[in-house]
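Enquirer: Provided below are the primary sequence and the corresponding predicted coordinates.
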Amino acid sequence: MPGLYIGLMSGTSLDGIDGVLADFSQDKVAILGHASAPIAPDLRAELLALNTPGPNELHRAALGGNALARAYADVVHSLLERSGTPASAVRAIGAHGQTVRHRPQEFDGTGYTLQLNNPSLLAERTGIAVVADFRSRDVAAGGQGAPLVPAFHQGLFGRPDETVLVLNIGGISNLSVLGADGSVAGFDCGPGNALMDHWCQLHTGQAFDKNGAWAARGRVLPDLLVTLLQEPFLRQPPPKSTGRDLFNPAWLAGKLAAHASARPVDVQATLTELTASACATSASSYGKNSKLLAVCGGGALNTHLMRRLQALLPGASVVPTDALGLPALQVEAAAFAWLARQTVRGQTGSLQSVTGAQGARVLGAVYPA
Ligand SMILES: Nc1ncnc2c1ncn2[C@@H]1O[C@H](COP(=O)(O)OP(=O)(O)OP(=O)(O)O)[C@@H](O)[C@H]1O
Ligand SMILES: CC(=O)N[C@H]1[C@@H]2OC[C@@H](O2)[C@@H](O)[C@@H]1O[C@H](C)C(=O)O
């Protein structure tokens, strides 16, 4: 079937790999399978460490790419097995890779974005063509290289009668504004789950704050919240994108310096409020009074965070994308299946109105089967 594509996403949360088998042969995408796999703790620690400069980086980055490609291949095999699909039926895999640096416009005015991966190894292990390195071409064209999902969001969730907002809350959060007139805007709002995950791991030993239950028991610290919200990125107008390069444990430690006696549970409540507030401000500032905010990414499962978002945006209905037909944890992977399809067909995947590049571009490189 020429319409079958696999999308693989391992995002800034570094919690695991999400994969979908998607069928684009009809008008809308049909998800034929979803598989996810945790990233092994050693690999996770190494990929996290590679986010900051360290010794012997080139060698470690290459090994990290190899390990990730092997884990990607396992996800592909389980998708194929569970759906009874032969590898030969899949036109291509869109493999995002692991972002370890994202500096789109720094240094010499061009900058770079780096997703660790080994697409050759993935093609070798699966026998399927791989599309990878989706972001670099947009950066080369003067863009942010992110977010890339808004065009997919528009095709899937856009409506002719009203503006729809789609908010992805992964490690970082990003918003798509889908105008009724077909216009699309999008940008990174700021932190998503990354700071909350870090704090939760540090103080409870749990990888994340399940359903936001820990944060819900705390008290938001107003002074700390004000300090966190003073981060200039949050006020910067789009186009803009960010990552762990900015919102990382060192950033948080700096902001907490004057709050050493704060109770960990209250800090967690405040970090959750930071994410809710950065997202809600983005939605109300750029959301054209939309009445519908659909949330995807793991943050959609954080019931406390969802309640806070709804409270901060009383004029909109805040729902997980499940309510619009695609489960929250499948949206990003489905987007990379769609982006792979665009590339294979020689069609653009990026939007100038989102990334600020000189124009839309055909993204990535194809590694044949
Ligand atoms: N039940 C839950 N309660 C609270 N948080 C959850 C729950 N399930 C998942 N999460 C959060 O979602 C995160 C994973 O989200 P997701 O898979 O969307 O991130 P990602 O793809 O790595 O990120 P990005 O969009 O930045 O690339 C986890 O690290 C956790 O913080
Ligand atoms: C550089 C990079 O990996 N950016 C990711 C990250 O995760 C969320 C946010 O930051 C977004 O900009 C992007 O991912 C989504 C899927 C995108 O490109 O649309």
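Expert: Thanks, I have it. Ligands and ions are numbered 1, 2, ... in the order given.
Enquirer: Name all residues that make contact with whatever residue of the stretch 51-200 of the chain ends up closest to ligand 1.
Expert: When distances are taken as Cβ to the nearest ligand atom, the stretch 51-200 of the chain approaches ligand 1 most closely through G170, which lies 1.9 Å from it. The way it works is simple: take the backbone N, C-alpha and C, and place the C-beta from them, glycine included. Taking Cβ atoms under 8 Å, 6 or more residues apart in numbering as the criterion, G170 is in contact with G11, T12, S13, G192, N193, G297, G298, G299, E332.
Enquirer: how does the protein divide into domains?
Expert: By the record's domain assignment, the chain is partitioned as 4-144+333-367, 150-328 (automatic domain parsing).
Enquirer: now the ones you listed in TSV, with distance to ligand 2 and mean pLDDT?
Expert: Listed next are those as TSV, based on distance: least, Cβ to the nearest ligand atom, whole Å; pLDDT from 0 to 100:
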stretch	distance to ligand 2	mean pLDDT
domain 4-144+333-367	3	96
domain 150-328	4	98
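Enquirer: Validate this expectation: V131 resides in a helix.
Expert: No - using DSSP: H, G, I helix; E, B strand; the rest coil, the assignment for V131 is strand, not a helix.
Enquirer: Who does it form a beta bridge with?
Expert: G94, V366 (DSSP bridges).
Enquirer: I'd like to know how many residues surround it.
Expert: 28 (other Cβ atoms under 10 Å).
Enquirer: Pretty sure it sits against A337.
Expert: No - the pair formed by V131 and A337 falls short of the contact definition of Cβ atoms under 8 Å, at 9.6 Å.
Enquirer: joint contacts of those two?
Expert: Common neighbours of V131 and A337, using Cβ under 8 Å, 6+ apart, are G94.
Enquirer: Pull out the buried residues from the strand or helix carrying T272.
Expert: When secondary structure is defined by DSSP states H and E, T272 falls within helix 264-286. By neighbour count on 16 or more other Cβ atoms under 10 Å, the buried set for helix 264-286 is 265-284, 286.
Enquirer: For it, output the C-alpha coordinates as CSV.
Expert: Backbone C-alpha positions of helix 264-286 (Å, rounded to 0.1, in the frame of the first residue of the first chain) are rendered in CSV as follows:
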residue,chain,number,x,y,z
PRO,A,264,9.9,20.6,47.3
VAL,A,265,6.1,19.9,46.9
ASP,A,266,5.5,23.7,46.6
VAL,A,267,8.2,24.0,44.0
GLN,A,268,6.5,21.2,42.0
ALA,A,269,3.2,23.1,42.3
THR,A,270,5.0,26.3,41.1
LEU,A,271,6.7,24.5,38.2
THR,A,272,3.3,23.1,37.1
GLU,A,273,1.9,26.6,37.3
LEU,A,274,4.8,27.9,35.2
THR,A,275,4.0,25.5,32.4
ALA,A,276,0.2,26.2,32.6
SER,A,277,0.8,29.9,32.7
ALA,A,278,3.3,30.0,29.8
CYS,A,279,0.9,27.9,27.7
ALA,A,280,-2.2,29.9,28.7
THR,A,281,-0.5,33.3,28.0
SER,A,282,0.6,32.0,24.6
ALA,A,283,-2.9,30.9,23.8
SER,A,284,-4.6,34.1,25.0
SER,A,285,-2.0,36.4,23.3
TYR,A,286,-1.9,34.7,19.9
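Enquirer: which residue ranges form the strands in the protein?
Expert: Under the criterion DSSP state E, strands of the chain are mapped to 4-9, 16-23, 30-38, 92-95, 98-103, 112-116, 130-132, 164-169, 172-178, 184-191, 292-296, 317-320, 365-367.
Enquirer: Export those as a markdown table, with columns for distance to L228.
Expert: Written out in a markdown table, the entries for the strands of the chain read as follows (distance: least, Cβ to Cβ, whole Å):
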| stretch | distance to L228 |
| --- | --- |
| strand 4-9 | 27 |
| strand 16-23 | 27 |
| strand 30-38 | 29 |
| strand 92-95 | 34 |
| strand 98-103 | 20 |
| strand 112-116 | 25 |
| strand 130-132 | 35 |
| strand 164-169 | 17 |
| strand 172-178 | 14 |
| strand 184-191 | 9 |
| strand 292-296 | 21 |
| strand 317-320 | 22 |
| strand 365-367 | 38 |
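Enquirer: Let me know how buried G346 is, in neighbour terms.
Expert: Residues near G346, counting by other Cβ under 10 Å, number 7.
Enquirer: pretty sure it is in contact with V362, am I right?
Expert: Yes - under the criterion of Cβ under 8 Å, G346 makes contact with V362 at 6.0 Å.
Enquirer: Disregarding residues adjacent in the polypeptide, which is nearest to V265?
Expert: The shortest distance from V265 to any residue other than its chain neighbours is 3.8 Å, reached at G218 (Cβ to Cβ, 6 or more residues apart in numbering).
Enquirer: these two touch, right, that neighbour and L271?
Expert: No - counting by Cβ under 8 Å, G218 sits too far from L271 to count as a contact (9.5 Å).
Enquirer: Report the separation between the residue of the stretch 51-200 of the chain closest to ligand 1 and L329.
Expert: 10 Å (Cβ to Cβ, to the nearest Å).
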